[in-house]
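[1] sequence and predicted structure, then a few things I'm wondering about:
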Amino acid sequence: MKQLIFRIKKIKKFTIPATIFMFNIFLATAQQDQIIIEKIAPGVMKLSMGKPDQFSPYRFCPEKPRINEMKELSDKELPFDIKSVKIIKNSRGIQISLPLSRDEQLYGFGMQIGSFGQRGLKKRPIVNDAPVFLNNNPISNPGFTHAPQPFYVSTDGYGILINTSRFVTFLCGTNEEKEESDTSEGNSNSLKTSAIQLYENKPESSWKTWIDVPNAEGIEVLIFQGENIKECVQRYNLFAGGGAMPPIWGLGIKYRVKGDYTQEKVMKMASYFRDNDIPCDVIGLEPGWHTKAYSCSYVWSDKFPDPQEMINRLKDQNFRLNLWEHAYVNPAAPFFNEMKPCSGNFLVWKGLVPDFADPKARAIYANYHEKELVSKGIASFKLDECDAGNYSDATSTWGFPEMSQFPSGIDGEQMRQIFGYLYTNTLYSVYKKRNQRTLFDYRASAVFASPLPAVLYSDNYGHNEYISQVATSSFGGLLWSPELRDAISDNDMVRRLQTALLASQTVVNAWYLEHVPWYQINTEQNNNNVQSESFPELEAIVRQLFKQRMSLIPYLYSAFADYHYKGIPPFRALVLDFPDDIKVRNISNQYMVGQSLMAAPTTADSTTRTVYFPDGIWYDLYSEKKYQGGKSYKIEIPTDKLPLFVKAGSIIPVAQPLNYVTSYTVFRISCKVFGDNPASFILWEDDGESYDFENGKSNRITLSVANNKEAIKKEGKYAGKRYDVIEWKFIK
């Protein structure tokens, strides 16, 4: 907690003097601790009571708030009196209640699977490697997720964050207090009366969100204000330090090879992509590269007799290398003995669990990785198994128990909730110190993860959930990447690939396939070298779809610049951009991409899908067909085009596709102008690989059109060149 107070004091230097209100809440039996209300940053209030936990998530936030950018957002007042928030401390722990208005909807609690709008639900966001559903009903998930966040946002224009690493339960308007309820008679004598009917009959004063934090001796509640739900999300991301700015190569294609691949096979796969004109920027190795993988030795196996030679050859072909690992330290690891006193009291796969809440443990882990791997050319890591909390399997030992104790003083419950966040933070510090951008894959996160250059993934493979998780993750500063692995049909493979291409990073994860998935979708036949008859056709479609992704890299890079400097998620739910459109409140299978594009992926079930267009005029990015907003259309989704639609009044920079991106790549840009009076578009120009852009070594290239005349304005101090605008095309 000391660290959070320290940060708040620094924030106050940049803001108006904090106004502090104090008031007492009394129970019938005992006087409660005082609630202190502080303004700690522009548009951010903190309510605190008692002795907050030492290991709260904000203590570990890797970046400082972007105060100047937060000041640019509106200063709209909260929709409720802040003194109406109740905090009660009793023998159980802490309980909090907040008012709910009649029509507001709630979103968040991390990357929830199975539910989108959360009002009327009970949620207990807990990290779990295999989120479970009751009776195969996704909405029954009680809150298990790869990224548990005690944070939600409201369509009324506020966000609530409970700054704790403990298990927290949220009752989102599901329960009534005795004194608030009309107990004279029931709402219905029928057990079949719907929950919605019962809910609508409640008096508005009884609608509340209740929050339960067992075992806590104190609490901090952060409240984020905003003109609308989008501004609340922006303010949260900016308070965490702004969104991650990935290396530009991270926006290309990542291909993960089979786990038992040898050095020779890795190089053969790299040659496949280059020889066949198929884009790829990153090759990923799976567990087989270690001498020991469960737990990890972090030492190259004899399948890679000369790893440095392989790294150098891949670099010469403009590939980056990503290594799979997890954080459990095998006795064969060179730093095992050094880590032993800085680890928990339980083992996982006979490996140590580093106490990442302890600076000593972080330093040991980071120093080894920097010296032995990063300095030798490893561009990024896949951080697996950091979400091990499989409550659906009573025999599971894929993680440390909640009773675990660690030298820093953190317990197993709290460590489990933030383990992936701390783990990723540890390796992020290595790259940041080296002035080298990276982009990790990771399987568990928490709150305040916005600055981490890391994208969530999952061993789950439900396609509908994959699509909705892109939208759901946007409420909490999280990035999510659906993967292509195997498929049940050629159409299923293509649809899954389209979804993977419309996310923060594109990953083909062939960890159990000898050949690329489009060589043969049947796993057994793929591994027995049986080529599908449809391979040439599928390979052509893959090549074309990959190139469409590569053509959007300049556009996506600018979207991430908006994430970094403005807190706007690059991939986000429609409700963030269209908060006044009631129809988008439940749409999770469409989402915005950057400033002007809307994605509408589909699954293998049909060649068509219903697409809802918010108000205005919209165009298909490729066919340029026009659609009237405020309506839904049944649309044929081609297999060889990404399902992307453009808002009228937009400029979309489309690059000639390349097979990889380097620090010296120059994109040849065609500016496609859709509709009249287009808003300007800013291309972000820097070296794409270092953090020098933070020191002014970047350019803003403004593309604009006025009176049917295009203009390009370049401002900044970056001496290089990234973009060459070769043409303008106007689509009416």
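    It's in.
[2] please count neighbours and contacts with C-alpha atoms only from this point.
    OK.
[3] so what's residue 449 up against?
    Residues near residue 449 by CA atoms under 8 Å, 6 or more residues apart in numbering: 61, 240, 421, 477, 478.
[4] can you redo those as a markdown table with distance to residue 285 and secondary structure?
    Listed next are the contacts of residue 449 as a markdown table, based on distance: CA to CA, whole Å; DSSP: H, G, I helix; E, B strand; the rest coil:
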| residue | distance to residue 285 | secondary structure |
| --- | --- | --- |
| 61 | 29 | coil |
| 240 | 31 | coil |
| 421 | 22 | helix |
| 477 | 27 | coil |
| 478 | 24 | coil |
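[5] show me what contacts the closest residue to residue 555 other than its chain neighbours?
    Counting by CA to CA, 6 or more residues apart in numbering, residue 555 lies nearest to residue 653, which is 6.1 Å off, once chain neighbours are set aside. Shown in contact with residue 653 (CA under 8 Å, 6+ apart): 552, 554, 555, 669, 670, 671, 672.
[6] list just the nearest of those residues to residue 42.
    Closest approach to residue 42 among those (CA to CA): residue 555, at 29.7 Å.
[7] how about the closest one, secondary structure?
    Classification of residue 555 by DSSP: H, G, I helix; E, B strand; the rest coil places it in helix.
[8] try residue 669
    Secondary structure state of residue 669, per three-state DSSP, is strand.
[9] show me what contacts it?
    653, 654, 655, 656, 723, 724, 725, 726, 727.
[10] next, format those residues as CSV and append pLDDT and secondary structure.
    Listed next are those as CSV, based on pLDDT from 0 to 100; DSSP: H, G, I helix; E, B strand; the rest coil:
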residue, pLDDT, secondary structure
653, 98, strand
654, 98, strand
655, 98, strand
656, 98, coil
723, 97, strand
724, 97, strand
725, 97, strand
726, 97, strand
727, 97, strand
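[11] ok so, going back, find the pair from the contacts of residue 653 with maximum spatial separation.
    Using CA to CA, the contacts of residue 653 span at most 13.2 Å, a distance reached by 554 and 672.
[12] joint contacts of these two?
    Common neighbours of residue 554 and residue 672 (CA under 8 Å, 6+ apart) are 653, 654.
[13] between those two, point out the one with more neighbours.
    Using other CA atoms under 10 Å as the criterion, residue 554 and residue 672 rank with residue 554 on top: 24 against 17.
[14] I'd guessed the more buried one sits against residue 655; true?
    Yes - the pair residue 554 / residue 655 is scored as a contact, 7.1 Å apart, by CA atoms under 8 Å.
[15] mutual contacts of these two, please.
    Listed as contacting both residue 554 and residue 655 by CA under 8 Å, 6+ apart are residue 667.
[16] show me where the stretch 551-700 of the chain has helices.
    Listed in chain order, the helices of the stretch 551-700 of the chain (DSSP state H, counting those that start in this stretch) span residues 553-566, 574-577.
[17] the longest one: how far from the chain's middle?
    Centre-to-centre, helix 553-566 and its host chain are 15 Å apart (CA atoms, centre = their mean, to the nearest Å).
[18] ditto for stretch 430-447
    Offset of stretch 430-447 from its chain centre (CA atoms, centre = their mean): 13 Å.
[19] for that stretch, output the C-alpha coordinates as PDB.
    Below are the C-alpha coordinates for stretch 430-447, written out as PDB (Å, rounded to 0.1, in the frame of the first residue of the first chain):
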ATOM      1  CA  VAL A 430      14.200  -6.400 -19.500                       C
ATOM      2  CA  TYR A 431      13.200  -5.100 -22.900                       C
ATOM      3  CA  LYS A 432      12.200  -1.600 -21.600                       C
ATOM      4  CA  LYS A 433      15.700  -1.300 -20.000                       C
ATOM      5  CA  ARG A 434      17.300  -2.200 -23.300                       C
ATOM      6  CA  ASN A 435      15.200   0.300 -25.300                       C
ATOM      7  CA  GLN A 436      13.800  -2.600 -27.200                       C
ATOM      8  CA  ARG A 437      10.100  -3.100 -27.900                       C
ATOM      9  CA  THR A 438       8.600  -6.500 -27.700                       C
ATOM     10  CA  LEU A 439       5.200  -8.200 -27.800                       C
ATOM     11  CA  PHE A 440       4.500 -11.200 -25.500                       C
ATOM     12  CA  ASP A 441       1.900 -13.900 -25.600                       C
ATOM     13  CA  TYR A 442       0.600 -14.500 -22.100                       C
ATOM     14  CA  ARG A 443      -2.100 -16.500 -20.500                       C
ATOM     15  CA  ALA A 444      -3.100 -14.500 -17.400                       C
ATOM     16  CA  SER A 445      -3.400 -10.900 -16.600                       C
ATOM     17  CA  ALA A 446      -5.000  -8.500 -14.100                       C
ATOM     18  CA  VAL A 447      -5.900  -4.800 -13.800                       C
END
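[20] quick check: buried residues in it?
    Within stretch 430-447, the residues scored as buried using 16 or more other CA atoms under 10 Å are 430-431, 436-447.
[21] where do the strands sit along the stretch 551-700 of the chain?
    571-573, 591-593, 597-599, 608-613, 617-620, 626-628, 631-636, 644-647, 650-655, 667-674, 681-685, 699-706 (DSSP state E, counting those that start in this stretch).
[22] the ones you listed into a markdown table, with extra columns for distance to residue 340?
    Shown next, in a markdown table, are those (distance: least, CA to CA, whole Å):
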| stretch | distance to residue 340 |
| --- | --- |
| strand 571-573 | 41 |
| strand 591-593 | 45 |
| strand 597-599 | 48 |
| strand 608-613 | 55 |
| strand 617-620 | 57 |
| strand 626-628 | 62 |
| strand 631-636 | 58 |
| strand 644-647 | 51 |
| strand 650-655 | 51 |
| strand 667-674 | 49 |
| strand 681-685 | 45 |
| strand 699-706 | 47 |
